[in-house]
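> predicted model and sequence follow; I will ask about them next.
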Amino acid sequence: MTNEGSRDKGMVDVQILGETYTLRSETSPDYTRRVAEHVDRMAREIREESGVVDQKKIAILAALAVTDQLFRMRDGVEVVKGLAEKRAERLTNEIITIVEQTSGD
């Protein structure tokens, strides 16, 4: 890997399936590397499990797998958000009931 101090700010080298890519990112180099490592891990798993060797097909399958993870996490967040909103509403109603009961004393 090249000396990043001498390169343009925001540039980072990453490796995916043995290929080196120079990426420009507004995020930290560490974050960019972690993202690339995740993609690399997914691509390697797909290549090993499916036997596909075509890089383009592996890239598409990895993109689909990562997108599936994203959608599942979003769905999970929506479920948790809905549960939290229901609980907050229930607690708010309980507090209102208690305040009304104590202010009547």
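Everything's here; your move.
> residue ranges in the protein under the pLDDT threshold?
Counting by pLDDT under 70, the ranges of the chain that qualify are 1-8, 104-105.
> pick out the residue nearest the middle of this protein.
Closest residue to the average C-alpha location of the chain: L70 at 6.1 Å, with Cα atoms, centre = their mean.
> now it: phi and psi?
Torsion angles at L70 (phi, psi; degrees, to the nearest 10) stand at phi -60, psi -50.
> can you pull out the helices in the chain?
For the chain, the helices defined by DSSP state H cover 29-50, 55-103.
> between these, which gets nearest to Q15?
Among the helices of the chain, the nearest to Q15 by Cβ to Cβ is helix 29-50 (6.6 Å). For every residue, glycine as well, the C-beta is placed using N, CA and C.
> that closest one: which residues count as buried?
Neighbour counts over helix 29-50 (16 or more other Cβ atoms under 10 Å) mark T32, R33, A36, V39, D40, M42, A43, I46, R47 as buried.
> for that helix, packing partners?
With contacts taken as 3 or more Cβ pairs under 8 Å, 6 or more residues apart in numbering; DSSP states H and E, helix 29-50 sits against strand 11-16, strand 19-24, helix 55-103.
> packing partners of the last one?
Looking back up the chat, that one is helix 55-103. The helices and strands touching helix 55-103, judged by 3+ Cβ pairs under 8 Å, 6+ apart, are helix 29-50.
> and the angle from the helix it packs on to strand 19-24?
150 degrees (axes from the mean of the first three to the mean of the last three Cα atoms, to 10 degrees).
> which residues touch helix 29-50?
Helix 29-50 is contacted by residues 4, 12, 14-17, 21, 23, 25, 52-53, 58-59, 61-62, 65-66 when judged by Cβ atoms under 8 Å, 6 or more residues apart in numbering.
> could you turn the buried ones of these into a ChimeraX selection?
Of the contacts of helix 29-50, the buried ones go into a single ChimeraX selection, burial set by 16+ other Cβ under 10 Å:
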select :12,14,16,58,61,62
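> before we move on, back to that, going by distance to G82, which of the buried residues of helix 29-50 wins?
Distance to G82, by Cβ to Cβ, is smallest for M42 among the buried residues of helix 29-50, at 29.1 Å.
> who touches the residue nearest to the closest one when sequence neighbours are not counted in this structure?
Distances taken as Cβ to Cβ, 6 or more residues apart in numbering place A62 nearest to M42, at 4.5 Å, with adjacent residues excluded. A62 makes contact with V39, M42, A43, I46 under the criterion Cβ under 8 Å, 6+ apart.
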